[in-house]
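[1] sequence first, predicted model second:
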Amino acid sequence: MTNKHPHIPILCNEIFDYLEIKKGEHIIDATIGFGGHSEHVLKHLDSTGQLSGIDQDQEALKYVKDRFKHHTNITFFHTRFSKIRTLINEKKLKKADKIIIDLGLSSYQLDQQKRGFSYLQTSPLDMRMNQQAQTSAASILETESSDYLTRILTEFGEIKNPSKLVAAIIQFRKKNTFKSNEDLKNLIKKSFFFNNNRNIFLRHYAQVFQALRIAVNNELDELDTLLNTLPNLLNNHGRIAFLSFHSIEDRKIKQALKKHPSFKMLHKHVIRAKQDEIKENRRSKPAKLRVYEFTNSENE
């Protein structure tokens, strides 16, 4: 990996303004990726503080282990963020004072052709965050039922009527395998009416690819598990920052924590990137930040 900074951390100033990290705390970067946010965490900690970095992407972990090799107060875990409670119980990991959850893809992941996350270049239909996982986007398209495909395109891609695309996928796979994302893109082109509007055209690409990526990586179930276990992960008055990039995730976070009396959002409205940041990093435009404080009433 030649790029020294394969990920530009988004809404970094806002995250750290609200987290208020103190020197001796235990911080969990639950989606450490390529270390963009963790670099700033380490600046706030001293030798008594601890950073736990979690990710399911082996390439990302290999990179950050090298990037932070001179830091003695960081530990890495190759697992999903839904497994934090398991780490606390089985690895005797301390509860967190602060947690960062960045639900987006890094620029490196998006731009790396072999990973297949982007529709902007020809690539395999892979989309696995964890390269050891068996299910890929191609295997879903080639094996799952029309009902399942309809459900993920509707629920995860928020496509109103995917029936024509689903029928085209079923027809295509009778005689072919999905060798690259170009096969899928051709089916998308034939299945929707775009009225020569490039923005509508690209939005459909994005919606289909989003639906497949969420399905491949079981992303919404992972988020549900995390949200259900949150009270067991944080110390009293601990804080958690959620950075999401599509409305489905943001809605889940908002609804789940609104119902939970122990969690209070620390700002009135969802926080978005300012124009200066968007100009510098266009991938920050859809980002939504929510920061919550946990109060354990039993300890009050």
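    Good, I have the coordinates.
[2] which helices and strands does the top helix by length along the chain pack with?
    For the chain, the helix that runs over the most residues, judged by DSSP state H, is helix 198-217. Counting by 3 or more C-beta pairs under 8 Å, 6 or more residues apart in numbering; DSSP states H and E, the packing neighbours recorded for helix 198-217 are helix 137-143, helix 146-155, helix 181-191. Placement of C-beta: from N, CA and C, glycine included.
[3] what comes up buried for it?
    Within helix 198-217, the residues that qualify as buried by neighbour count (16 or more other C-beta atoms under 10 Å) are 204-205, 207-217.
[4] what's the farthest-apart pair in these?
    When C-beta to C-beta is used, the two most widely separated members of the buried residues of helix 198-217 are 204 and 217, lying 20.9 Å apart.
[5] please identify the helix or strand for residue 161.
    Using DSSP states H and E, residue 161 sits in no helix or strand.
[6] which of the three states applies to the closest residue to residue 91 other than its chain neighbours?
    Beyond its immediate neighbours in the sequence, the residue positioned closest to residue 91 (C-beta to C-beta, 6 or more residues apart in numbering) is residue 77, lying 7.6 Å away. With DSSP: H, G, I helix; E, B strand; the rest coil as the basis, the three-state label of residue 77 is strand.
[7] how many neighbouring residues does residue 77 have?
    Counted with other C-beta atoms under 10 Å, residues neighbouring residue 77 total 21.
[8] helices and strands of the chain: which one bottoms out on pLDDT?
    helix 107-111 (a mean of 62; mean pLDDT, DSSP states H and E).
[9] can you redo the helices and strands packed on helix 198-217 as TSV with mean neighbour count, mean pLDDT and distance to residue 95?
    Shown next, in TSV, are those (neighbours: other C-beta atoms under 10 Å; pLDDT from 0 to 100; distance: least, C-beta to C-beta, whole Å):
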stretch	mean neighbour count	mean pLDDT	distance to residue 95
helix 137-143	18	96	36
helix 146-155	16	97	33
helix 181-191	18	93	42
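[10] dump these to JSON lines, plus distance to residue 87.
    JSON lines is the format used below for these (distance: least, C-beta to C-beta, whole Å):
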{"stretch": "helix 137-143", "distance to residue 87": "29"}
{"stretch": "helix 146-155", "distance to residue 87": "29"}
{"stretch": "helix 181-191", "distance to residue 87": "35"}
